[in-house]
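Novice: For reference, the sequence and a predicted model appear below.
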Amino acid sequence: MSTPIPTETQWQSLPKVLLHEHLDGGLRSQTLLELCRQRNVPLPAQSANDLAAWLLANSHSGSLERYLTGFSLTVAAMASEAACERVAFEAAEDARLDGCVLAEFRMAPLLLEEFGLSGEAVIEALLRGLKKSTLPSGFIVCAMRTDSPEATAKSARLAARYRDHGVIGFDLAGAERGFPPTPHREAVNIARNAGLGISLHAGEADEGSRVLEAARLGATRIGHGVHIMNAPDDLQQQQWIDEARRHALHFEVCPTSNVHTGIAPSVSAHPLRSMIEAGLSVSVSTDNRLMSGVTLSGELRAAHEQNGVSMAAIRHMMQEAARASFLPTSARQAALQALEA
C-alpha cells in the first residue's frame, strides 16, 4: 500500500524549525514595494507581483555574486527603524503561519550605516519586530566577509552587546569566493567569548575545505556547506565527512537558493540526500524567501518529492535543527515537543 502524498495544506501544518533566513532577503513583496515608495527608492517594477518576479529572475542567475545584487534594493528599503521593525515582525509571522515552531533570522546591521542608522538602532528595531510575534525566535548578527577584519570585529562586538536581549549568534555572510573566514578570526573569537553561537557561511560558493576551516575557527553550524560533498577523491571525501562529524557540525542547507546561484543544477541533483546518507547533521532552510520565491514548506516538499528525502528523514532534520538552535534550552525543548506532537 503506497503512502499518501501530503497536500500543500498538510505540508504547511507540519511543525518546522527554521535556522537560516536573511531578513533582508525575505521581505513580503508588497512591503518592499511600499517601503521603496516611501523612501523614493527607484524600482525595477511597479507592482508587488512584478517586483517579486524581477527579483526571482535576478536571483536565478547561476551566480552567488549576481544573486546578492538584489539586496541593494531591499537594504535601501529597510533604512529606517520602522521599516526594520516591520520587516522582522512580518518575517516571524510568515514563518509562524508556515508551521514554524522556532525560527532564527539574520542580517548585517552595519549595512544600514550608510543610510544614517546606527548598528544599535537597527538591532533594537529588528528585535522589537521579532518580539511582537508569538513565534519563539532569535537574531543572528551577520558581518560581511568582504569587509576588513576591523569592520567584522565591530559587528561581533555589537552582537555581544545584545547577547542578553535577543541576539543569539554571529555569522560571516556575503560573497564567499576569495574571502575565506580565517582573516576574521578576531571577530569570531569576540562572539564566541561572549557566549554567542557561531554559524558561518562556508562551502557555498567556495570549496568544501572552507567548511572545515570555519569549524576550526569555532563554528558549530555551517550556512550551506554543500561543497563538502565535492572532495577531489574518495579518500579526501571521507576525511572531510569524518572531520565534520567530529566537530558535530550542523549544516543549514537551502536547496532552491543553491540552484539559483549555480551551486546545484537542480533540486533533484542537489547533494542534500547525499549529506544525510553520509551521516551529517543537516536541516533545510529558506535562505531568502523573497529572492528565491520559497517557503520552508515548499523547500521540504521539494526535498521529498524531487530529491528523494524520506518523510522520516525530514522529521529527523527538523529535530536536528531544534537541537542545533542557538535559542535557550527551554525554547529548543518546546520545539522538540511540538515536533513530537
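Specialist: Perfect, thanks for sending it. Numbering: from 1, shown residues only.
Novice: Tell me the helix or strand right after the longest helix seen in the chain.
Specialist: When the chain is parsed with DSSP state H, its longest helix is helix 81-97. Per DSSP states H and E, the first helix or strand lying C-terminal to helix 81-97 is strand 100-107.
Novice: so for that next one, what's the average pLDDT?
Specialist: The average pLDDT within strand 100-107 is 98.
Novice: CA atoms of that strand as CSV?
Specialist: Extracted as CSV, the C-alpha positions of strand 100-107 are listed here (Å, rounded to 0.1, in the frame of the first residue of the first chain):
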residue,chain,number,x,y,z
CYS,A,100,7.4,27.0,12.2
VAL,A,101,7.6,26.4,16.0
LEU,A,102,11.0,28.0,16.3
ALA,A,103,13.0,30.3,13.9
GLU,A,104,16.2,32.2,13.7
PHE,A,105,16.7,35.2,11.5
ARG,A,106,19.8,37.0,10.4
MET,A,107,21.1,40.2,8.8
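Novice: Show me what that strand is packed up against.
Specialist: strand 16-18, helix 81-97, helix 119-132, strand 137-144, strand 167-173, helix 329-340 (3 or more Cβ pairs under 8 Å, 6 or more residues apart in numbering; DSSP states H and E). Using the backbone N, CA and C atoms, a C-beta is placed for each residue, glycine as well.
Novice: who's in contact with Lys78?
Specialist: To be clear, residue 78 is Met; Lys isn't right here. Leu23, Asp24, Leu27, Leu35, Cys84, Val87, Leu112 (Cβ atoms under 8 Å, 6 or more residues apart in numbering).
Novice: Compare the residues you listed and tell me which is most surrounded.
Specialist: Leu27 (29 neighbours; other Cβ atoms under 10 Å).
Novice: Phi first, then psi, for that residue.
Specialist: phi -60, psi 150 (degrees, to the nearest 10).
Novice: per-residue pLDDT, the closest residue in space to Ala194 that isn't next to it in sequence?
Specialist: Nearest residue to Ala194 in three dimensions, chain neighbours excluded: Ala160, at 3.5 Å (Cβ to Cβ, 6 or more residues apart in numbering). On the pLDDT scale, Ala160 is placed at 98.
Novice: Run a quick neighbour tally on Ala160.
Specialist: The burial count for Ala160: 19, using other Cβ under 10 Å.
Novice: What's the separation between it and Gly169?
Specialist: Applying Cβ to Cβ, to the nearest Å, the value for Ala160 to Gly169 is 11 Å.
Novice: which ones are touching Gly279?
Specialist: Here Gly279 is in contact with Ile241, Arg245 (Cβ under 8 Å, 6+ apart).
Novice: which residues touch stretch 313-320?
Specialist: 15-17, 250, 273, 276, 281-284, 300, 303-304, 309, 336, 339.
Novice: Farthest-apart pair in those residues, please.
Specialist: Greatest spatial distance among those (Cβ to Cβ): Arg273 and Leu336, at 23.5 Å.
Novice: higher neighbour count, these two?
Specialist: Neighbours per residue (other Cβ under 10 Å) separate Arg273 from Leu336, with Leu336 holding more: 19 against 16.
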